[in-house]
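> A structural model of the following input is requested.
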Amino acid sequence: MYSPDPDMQNLAQIYQGMVYLFDLKSYRFFYLNPQVMEILDYAPEVITSLNADETRLLFHPDDLQFISLNRSRLETHPEENFQVFQYRMRHRDGSWRWLACRETRFTQPEQADYLILGLAQDITPAPSPLSDIKNILSSQPNTSSSGLWVNASNQPTTAELEQRIKERTKALQQAEGALRAFMDAIPESAFLIDPEGSILSANSTFAQRLEVPVDDLPGRNIYELLDKKTSSAMHNHTLQVLRSGVPARFTDERGARIIDNLVYPVFDGDGRVSGLAMMGFDITERKLAEEALAQQARELARSNAELEQFAYVASHDLQEPLRMVASFTQLLSERYKGQLDERADQYIGFAVEGASYMQNLIDDMLSYSRVTTRAKPFRVTSFENIVQKAMSNLRVTIHENNAEVNLGPLPTLPVDENQMVQLFQNLIGNAIKFHTDLPPRIFISASQENDEWIFAVKDNGIGIDPRYFERIFVI
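Model (predicted):
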């Protein structure tokens, strides 16, 4: 069974998802990184110890044919380097986990036709309990040891030495190919460096970001390929990891791009840090979205402040001259009504009505602007009591128009009682004001949908032309 080299395993350990090698011929997992514990709650060695029949039980039966079709495309369509698809695997508790997978052929001399390298992310929206399969995967891995055969005198022959060289050369080629295949399967930048910063291996994404051919990167010093500011910041963090052996994370700006970097130590056989594995995640779009959201919040705060300022101007600067116009037009109407011709009386009446209407509009605008500035702490309040208070304030209007207001079941919620009374008073008042020849009939109800309550106020009035919805509800 093929086992990845230490460099590939170290890189797989820092990948934020499941990394695996799957053999199509034996239908078994050859390797899984430790993150499989977070996704399926099984140790990697438990899954790699399963036989083909037991391995099939890990996959949802409805997905087996679909998985096989996607993997066969890697054979029938060699121009397609990757296959991206989704399937389900069984969790230790019996539930199914949805995985988003990216698979590629693991092009090694002996496993070229059978081995698959895969990266998978858990995209399960929510767990759903199914039948328990604890007995299926309870076996522990069997350990075995292997070594090189030597002759009776314990001295290898020339032919044996040549065979060993060939085998080790092949192993090195496999290790190099495994590392390159794994790194190229990672959609973000990934690379390995020695303690001095010399690049040992890198993937194509990293090369594209540096605008350097990927084959030219090994041997180059990472700190010489970056600008002075980025290089200095990276050097400080890599030194910290080399000294402490503890992974580090930092963010830097490279031109117009923002990169989130993860640095992971690579240990040798003696437990010393012999190099570093690094990954860089481009988070530019996320940062731009966060900044755009913050900018919208600032603009909204500024707009609200301007609205409050306008309300202040309206209350102090507009009402007084309007009050003077209204007073003098009313005085003109009272003193000279009937002394001029009929048309003059009509004009004066228009002026009085217009001034009164303007005063009402300004009062309504001030009431609306105070909704946010005069809010009180929320208290748990019965909406039935709120509506009853609103109806009490409108009792004269309700009586004069022979209106009838009926209530359905209403909830008790934490609200600003005064604002809610004003809201229902306006809604009921409008329903009465815009009625037909029939007496107004109003019905108020509420229903709960998930975590929200939806209130409805229905009446038998004249209704609203849909063409004017935006104008009416703009405020």
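> Only C-alpha atoms from now on, for both contacts and neighbour counts.
Noted.
> Next one, pLDDT for residue 19 please.
pLDDT, residue 19: 91.
> ah, wrong one, I meant residue 453
Taking residue 453 on its own, its pLDDT is 94.
> Report the secondary structure state of it.
Counting by DSSP: H, G, I helix; E, B strand; the rest coil, the backbone at residue 453 sits in strand.
> In space, what's closest to it - neighbours in sequence excluded?
Nearest residue to residue 453 in three dimensions, chain neighbours excluded: residue 447, at 5.7 Å (C-alpha to C-alpha, 6 or more residues apart in numbering).
> Work out for me the element the one you found sits within.
Assigned by DSSP states H and E, residue 447 belongs to strand 441-449.
> and that strand, which strands flank it?
Strand 441-449 has the following strand partners under DSSP bridges: strand 404-407 (parallel), strand 452-459 (antiparallel).
> Just send those back as JSON lines, with mean neighbour count and distance to residue 204 too.
Compiled in JSON lines, these are given as follows (neighbours: other C-alpha atoms under 10 Å; distance: least, C-alpha to C-alpha, whole Å):
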{"stretch": "strand 404-407", "mean neighbour count": "14", "distance to residue 204": "67"}
{"stretch": "strand 452-459", "mean neighbour count": "13", "distance to residue 204": "48"}
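> Tell me which residue lies nearest the centroid of the chain.
residue 286 (9.7 Å; C-alpha atoms, centre = their mean).
> How about the strand holding residue 447, which residues are buried there?
Buried positions in strand 441-449, judged by neighbour count with 16 or more other C-alpha atoms under 10 Å: 441-442, 444-446.
> I'd like the residues you listed written out as TSV, with pLDDT and distance to residue 18 added.
Converted to TSV, the buried residues of strand 441-449 look like this (pLDDT from 0 to 100; distance: C-alpha to C-alpha, whole Å):
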residue	pLDDT	distance to residue 18
441	95	63
442	95	60
444	96	54
445	95	51
446	95	47
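> thinking again about what came up before, what's opposite the residue nearest to residue 453 in the beta bridge?
residue 454.
> can you pull the pLDDT of it?
94.
> Please report how far it lies from residue 409.
9 Å (C-alpha to C-alpha, to the nearest Å).
> In the stretch 201-350 of the chain, where is pLDDT below threshold?
Low-confidence segments of the stretch 201-350 of the chain (pLDDT under 70): 311-320.
> all strands for it, in order.
Remark: strands assigned in the stretch 201-350 of the chain by DSSP state E, counting those that start in this stretch are 248-254, 257-267, 273-282.
> so what strands line up beside the shortest one?
Think strand 248-254. Strand pairing for strand 248-254, using DSSP bridges, gives strand 257-267 (antiparallel).
> ok, back up a step: quick one, which of the strands paired with strand 441-449 is nearest to residue 322?
For the strands paired with strand 441-449, proximity to residue 322 was assessed by C-alpha to C-alpha; strand 452-459 is nearest, at 34.8 Å.
> Distance from stretch 193-200 to the middle of the chain?
On the basis of C-alpha atoms, centre = their mean, to the nearest Å, the separation between the geometric centre of stretch 193-200 and that of its chain is 35 Å.
> Quick one: end-to-end distance for that stretch.
Using C-alpha to C-alpha, the span of stretch 193-200 from its first residue to its last is 5 Å.
> Flag every buried residue along it.
193-195, 197-200.
> if we can go back for a sec, dump the strands paired with strand 441-449 into a markdown table; add distance to residue 123 as well.
Compiled in a markdown table, those are given as follows (distance: least, C-alpha to C-alpha, whole Å):
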| stretch | distance to residue 123 |
| --- | --- |
| strand 404-407 | 45 |
| strand 452-459 | 27 |
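> So for residue 66, which of those sits nearest?
Closest approach to residue 66 among the strands paired with strand 441-449 (C-alpha to C-alpha): strand 452-459, 40.2 Å.
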